[in-house]
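J.: Below: sequence and its predicted model.
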Amino acid sequence: MFSNFLKATDKAMVFLQKKAVSPLYIPKQKLHVAMNSTSPKVQLLHDLCKNTFTPSGLSSAPSQHIHKLCSLLDTFGPADVGLKEESPDDDQGHGFFGLNRVARWAQPITYVDIHECDSFTMCIFCFPTSSVIPLHDHPGMTVFSKVLYGSMHVKAYDWVEPACIKESREPTCPQVRLARLVVDKVLTAPCGTSVLYPKSGGNLHCFTAVTPCAVFDVLAPPYREDLGRKCTYYIDYPYSTFGNEAQISKGKEEDYAWLAEIETPDDLYMRPGVYVGPAIQV
């Protein structure tokens, strides 16, 4: 997965579906790696995932397995997967207020593929300051996310059920669907593992790097378009843009938003990174 990286202009070829970064842009910032890590944690995680997940999702006793996975992931740090933590001074001016003032969309996110099979994917995303993975979904998937270093803002929604869909007058988004805000906060390492489920926990989320940061993801099962697990991107609108209070069953208006499906953003850039952590015996 992500073996060939191209500019993110074609949804079918970007972000978790063999997605990639423009070959025309070669960033100067380098991913720092620690070459001598001997931690067995990543092997333990692989084995636990192998015994937990099937190609269709969780196996039996999901709560017990999820607790074990979270407990193990909670102990992970950068060195456990061959990474060296980056400091803001390593950011090479890639943030909005850096000396070079490079635009956000010119900053590549480094994707490191650790392991993928029919049942799950293990991977790492390394973010320079202010870089963004836009709002997207995880259809029929359970996802574990662990911030390894740095700070990341997470904004996540779940669909309101039954589905509430409205026709829009905007030519770029003919339909919008109501969603409820579940998460809107900054996660700073060390912190606990976040879990989202197929229909709860913030299945649609957006990541924004507050500082240089890295997040370890386990996706089960992996994205696979031919089985209906296609990554779709969205833009969110305030509830007041299309709504009325009669459609809110609980909470405040600020807790809801209208989401419209969009094409893969042209400013989503990724580049491949090489995994140099402990080898996994499959």
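T.: Thanks, I have the structure now.
J.: Quick check: next helix or strand after the least confident helix or strand in the chain by mean pLDDT?
T.: Within the chain, no helix or strand scores below strand 57-58, which has a mean of 74 by mean pLDDT, DSSP states H and E. As assigned by DSSP states H and E, the chain's next helix or strand after strand 57-58 is helix 62-73.
J.: which helices and strands does that next one pack with?
T.: Applying 3 or more CB pairs under 8 Å, 6 or more residues apart in numbering; DSSP states H and E, we find helix 62-73 packed against helix 41-52, strand 142-149, strand 213-220. No exception for glycine: its C-beta is placed from N, CA and C like everyone else's.
J.: List the contacts of the residue nearest to Q281 when sequence neighbours are not counted.
T.: The shortest distance from Q281 to any non-neighbouring residue, by CB to CB, 6 or more residues apart in numbering, is to Q43 (6.5 Å). Neighbour list for Q43: 278, 280-281 [criterion: CB atoms under 8 Å, 6 or more residues apart in numbering].
J.: neighbour-wise, which of those residues leads?
T.: P278 (18 neighbours; other CB atoms under 10 Å).
J.: The residue lying closest to that one once chain neighbours are set aside: neighbour count?
T.: Leaving aside its chain neighbours, P278 sits nearest to V42 (5.3 Å; criterion: CB to CB, 6+ apart). For V42, the count of nearby residues is 23 (other CB under 10 Å).
J.: same check, this time on P139
T.: 16.
J.: next one: I262
T.: Using other CB under 10 Å, I262 has 16 neighbouring residues.
J.: Which neighbouring residues are in contact with it, exactly?
T.: 172-173, 233-235.
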